[in-house]
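A.B. asks: Please work out how this folds:
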Amino acid sequence: MPPPFAGVDVPSDSGRLSLSVHDPDRLTVALGLEPPPQWIEEHEIRLRRMREVYGES
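C.D. replies: So this is what the prediction gives:
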């Protein structure tokens, strides 16, 4: 029997995160997450602040 495996997919066009876990002996789970519309803008603001404090790496 094949071993369990997990997969993560982040398609660039939709911004939705898909996570799946497959275990042939037990179950398969799939979860789709989509951030709120303002999340990307807020994240970029936080990232800019971090770069100002710690410098670019």
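A.B. asks: tally of neighbours for Tyr54?
C.D. replies: By the criterion of other CB atoms under 10 Å, Tyr54 has 8 neighbours. For the C-beta atoms, the positions are set from N, CA and C on the backbone; glycine is no exception.
A.B. asks: got any ranges where the chain has weak pLDDT?
C.D. replies: Applying pLDDT under 70 to the chain flags the ranges 1-15, 17, 57.
A.B. asks: quick one, helices of it?
C.D. replies: 39-54 (DSSP state H).
A.B. asks: in it, which spans are strands?
C.D. replies: Assigned by DSSP state E, the chain shows strands spanning 5-9, 17-22, 28-33.
A.B. asks: Strand partners (parallel or antiparallel) of the second one?
C.D. replies: Going back to what we said before, that points to strand 17-22. Strand 17-22 sits in its sheet next to strand 5-9 (antiparallel), strand 28-33 (antiparallel), going by DSSP bridges.
A.B. asks: what about that strand, distance to the chain center?
C.D. replies: Relative to its chain's centre, strand 17-22 lies at 10 Å (CA atoms, centre = their mean, to the nearest Å).
A.B. asks: in it, what counts as buried?
C.D. replies: By 16 or more other CB atoms under 10 Å, strand 17-22 has no buried positions at all.
A.B. asks: just the last one next, same as before
C.D. replies: For strand 28-33, the buried set under the neighbour-count rule, 16+ other CB under 10 Å, is empty.
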